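> Mind folding the following:
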Amino acid sequence: MSSPNNPRLLSADALVRTLIDIYPQPDRYDVGFSGGVDSSLLLSLLAERAADLPAPLQVIHVDHGLQAASDDWARHCRQVAAGYGLPVETITVDARSR
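The predicted structure follows:
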């Protein structure tokens, strides 16, 4: 369950095995994707092994509208998901204070 370089880092195989063990037979797996480093790594690992999951993998991006570049981030997330051949759902919310 670990990477040779970092015993605390899950390999893609271990991540998929853990998902299957924790969530047996879901309708689909949704992975939250902000476009940042952490969610990019998670998406990469899951996309690499999506064919091994017992249900389809879908990307979810929440556009909070908090940054001037939020449209750019949403577009980036759609492009990355498309590059993996994964469907993406962008949810737009207005999280600005009033």
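> drop to CA atoms for contacts and neighbour counts, all remaining ones
Fine.
> In the protein, where's the longest strand?
The longest strand of the chain (DSSP state E) is strand 57-63.
> Check the average confidence over that one, would you?
For strand 57-63, mean pLDDT is 96.
> List the pairing partners of it within its sheet, with orientation.
Strand pairing for strand 57-63, using DSSP bridges, gives strand 29-32 (parallel), strand 88-92 (parallel).
> Contacts for that strand next, please.
By CA atoms under 8 Å, 6 or more residues apart in numbering, the residues outside strand 57-63 that reach it are 28-34, 47, 50, 70-71, 73-74, 77, 81, 86-93.
> buried subset of those?
Buried members of those, scored by 16 or more other CA atoms under 10 Å, are 29, 31-34, 47, 50, 73-74, 77, 81, 86, 88-89.
> re earlier: so which of the strands paired with strand 57-63 gets nearest Asp38?
Closest approach to Asp38 among those (CA to CA): strand 29-32, 10.4 Å.
> Residues contacting that closest one, please?
Applying CA under 8 Å, 6+ apart, the contact partners of strand 29-32 are Ser39, Leu43, Ala55, Pro56, Leu57, Gln58, Val59, Ile60, His61, Val62.
> Skipping adjacent residues, who's closest to the first one in space?
Take Ser39 and drop its neighbours on the chain: the residue closest to it by CA to CA, 6 or more residues apart in numbering is Phe33, 5.2 Å away.
> rewinding a little: could you list the buried residues of the longest strand of the chain?
Leu57, Gln58, Val59, Ile60, His61, Val62, Asp63.
> rewinding a little: put together CSV for the strands paired with strand 57-63, with mean pLDDT on each row.
Formatted as CSV, the strands paired with strand 57-63 follow (pLDDT from 0 to 100):
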stretch, mean pLDDT
strand 29-32, 94
strand 88-92, 94
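> and Arg17, which of those strands is closest to it?
Going by CA to CA, the one of the strands paired with strand 57-63 nearest Arg17 is strand 29-32, 13.3 Å.
> Give me the distance from the closest one to the chain's centre.
5 Å (CA atoms, centre = their mean, to the nearest Å).
> right, and the helix or strand after it?
Using DSSP states H and E, the helix or strand that follows strand 29-32 in sequence is helix 37-48.
> Done for today, thanks.
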